[in-house]
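K.L.:
sequence isn't available, so here's the structure alone:
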């Protein structure tokens with residue numbers, strides 16, 4: 001019997017697809033992998049940026065130019081010192097200020113060309129010491145200068161009595177914002193220091209204190225202007241006022257009413273508060289760099305290089321291509337995040353009274369280390385901005401130390417009036433005249449105090465941290481490596497028993513040991 005035929009099974013067609021035929025797909029996926037990684041990197045980076053910005057906003061800190069402008073609201077005309085000051089400055093240089101008010105290109109400001117022998121304002125102004133007597137020639141030149149400027153300075157003093165100042169700032173200009181009022185205000189502070197010096201030399205305490213009050217106002221009016229450069233000029237004006245107080249105390253014994261007026265006039269905002277304001281403003285301004293078109297940023301860099309003798313122009317086309325690539329890769333965002341975090345950490349360490357200079361520096365050191373660790377040139381913007389910000393702590397810390405020494409000096413003068421002698425230590429001023437002895441921001445220890453044969457010496461060890469016994473910096477001594485920040489007062493009425501005869505301008509007396 002024949003077996004049944006097997007069912008017909010058509011031959012299976014050979015498949016055209018093999019796993020090895022998928023290699024083009026693999027190549028495409030492999031090529032897309034870096035793009036996917038970059039997209040994830042950029043997504044995570046954007047999330048971190050938003051988180052950092054939210055931290056700042058929750059703390060009330062501006063992160064955009066619009067938010068920065070909100071910190072500088074307009075004030076009523078009858079409170080605004082700027083309007084009266086503009087009238088005075090326009091009379092000094094009408095062409096310049098008319099150009100500014102009309103929005104035209106500003107001409108070169110007219111410089112005040114003073115007699116080189118004029119104290120404070122002349123060519124040798126930086127060599128004038130607080131206890132140094134004026135020569136007959138200097139007194140004559142200074143008296144003639146003030147007589148010719150008396151009406152002008154009376155107008156300025158009247159303007160400075162207004163409690164606030166709103167200079168019209170266009171924050172949309174970013175770092176290119178014009179600030180012609182700052183140099184003008186700095187000049188006014190120096191002129192009032194000269195007025196105070198002349199009055200103290202003549203024995204007119206009332207006029208001297210009034211001039212100090214006016215000089216102090218030039219600093220106070222800048223306290224609310226949210227720009228780093230504004231705050232630095234404010235510190236310079238504080239310094240001019242402090243030197244005016246030192247000039248005054250070296251020449252006249254202050255009455256109790258004089259001291260009360262000085263204490264009120266010199267009640268400035270804490271330097272640390274001003275430092276935080278300045279850092280926050282710089283952060284908002286710096287973020288505007290990241291929004292610039294690459295070509296415009298390159299042209300700005302070249303413009304900056306052209307003003308620098310050592311700067312070399314960059315290839316704008318190549319720079320633009322590189323910036324676009326960095327933005328696509330997320331490296332520009334990484335740079336922005338680095339700057340935001342660094343400024344926030346530095347701002348947390350901005351209060352000089354805490355003596356946390358190292359904490360501030362550590363924030364910038366960490367930023368530099370983070371950039372170098374990646375081995376990529378991602379610090380194009382932060383590398384341009386952070387080094388300058390790192391140095392600002394010392395400026396505000398120095399101002400803090402100088403201000404606290406001035407307050408200590410006024411407390412010592414009150415003690416002298418009440419007890420007829422200077423105290424052996426600053427602890428004797430507590431609590432009658434001070435709640436505590438201020439710390440030196442450069443050491444974390446109390447500010448130093450020494451009795452002199454004819455007065456007293458207060459000093460900070462300064463940025464170098466080395467105690468030089470109150471020795472100041474000598475601009476003529478190129479070999480001097482360390483120095484202190486002193487506040488020295490010497491007068492005949494402060495003489496210790498058995499002290500040698502007092503001689504004005506003889507230099508700081510040797511420190512007398514207790």
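P.N.:
Yep, that arrived. All figures in this text were calculated on a predicted structure; none of them were measured in a lab.
K.L.:
from the contact counts, what lies against the longest helix belonging to the chain?
P.N.:
The residue-count maximum for a helix in the chain (DSSP state H) belongs to helix 23-58. With contacts defined as 3 or more C-beta pairs under 8 Å, 6 or more residues apart in numbering; DSSP states H and E, the packing partners of helix 23-58 are helix 316-329, helix 331-348. C-betas here are computed from N, CA, C, even on glycine.
K.L.:
switch the cut-off to 6 Å
P.N.:
Applying 3 or more C-beta pairs under 6 Å, 6 or more residues apart in numbering; DSSP states H and E, one finds that helix 23-58 contacts helix 331-348.
K.L.:
name the helices or strands packed onto the helix it packs on?
P.N.:
Using 3+ C-beta pairs under 6 Å, 6+ apart, helix 331-348 sits against helix 23-58, helix 271-290, helix 357-374, helix 382-390.
K.L.:
circling back: how far away from the center of its chain is the longest helix of the chain?
P.N.:
Put simply, helix 23-58 sits 37 Å off its chain's centre (C-alpha atoms, centre = their mean, to the nearest Å).
K.L.:
after that helix, which helix or strand is next?
P.N.:
Using DSSP states H and E, the helix or strand that follows helix 23-58 in sequence is helix 65-70.
K.L.:
what does that next one contact?
P.N.:
For helix 65-70, contacts defined as C-beta atoms under 6 Å, 6 or more residues apart in numbering pick out 62, 171, 172, 226, 281, 284, 288.
K.L.:
could I get the buried residue list for it?
P.N.:
For helix 65-70, the neighbour count (16 or more other C-beta atoms under 10 Å) marks 65, 67, 68, 69 as buried.
K.L.:
could these go into TSV alongside pLDDT and distance to residue 54?
P.N.:
As requested, those are exported to TSV (pLDDT from 0 to 100; distance: C-beta to C-beta, whole Å):
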residue	pLDDT	distance to residue 54
65	93	18
67	94	13
68	94	17
69	94	20
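K.L.:
export those residues as a markdown table, with columns for distance to residue 346.
P.N.:
Below are the buried residues of helix 65-70 laid out as a markdown table (distance: C-beta to C-beta, whole Å):
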| residue | distance to residue 346 |
| --- | --- |
| 65 | 20 |
| 67 | 19 |
| 68 | 17 |
| 69 | 23 |
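K.L.:
which ones are touching residue 447?
P.N.:
Contacts of residue 447 (C-beta under 6 Å, 6+ apart): 438, 440, 460.
K.L.:
and it, its phi and psi?
P.N.:
Dihedral pair for residue 447: phi -60, psi 150, per degrees, to the nearest 10.
K.L.:
give me the neighbour count for the residue lying closest to it once chain neighbours are set aside.
P.N.:
Spatial nearest neighbour of residue 447, excluding adjacent residues (C-beta to C-beta, 6 or more residues apart in numbering): residue 440 at 5.0 Å. Residue 440 has 27 neighbours, counted by other C-beta atoms under 10 Å.
K.L.:
re earlier: so which of the buried residues of helix 65-70 comes closest to residue 248?
P.N.:
When these are compared for distance to residue 248 (C-beta to C-beta), residue 68 wins out at 37.9 Å.
K.L.:
state the distance from the closest one to residue 266.
P.N.:
29 Å (C-beta to C-beta, to the nearest Å).
K.L.:
and if you look at residue 411?
P.N.:
12 Å.
K.L.:
buried set for the strand or helix carrying residue 404?
P.N.:
Per DSSP H and E: residue 404 is located in helix 392-419. Residues 392-416 are the ones in helix 392-419 that count as buried (16+ other C-beta under 10 Å).
K.L.:
show me what the very next helix or strand once past it is packed up against.
P.N.:
Once the chain leaves helix 392-419, the next helix or strand it forms, by DSSP H and E, is strand 448-452. In terms of contacts (3+ C-beta pairs under 6 Å, 6+ apart), strand 448-452 is packed against strand 455-460.
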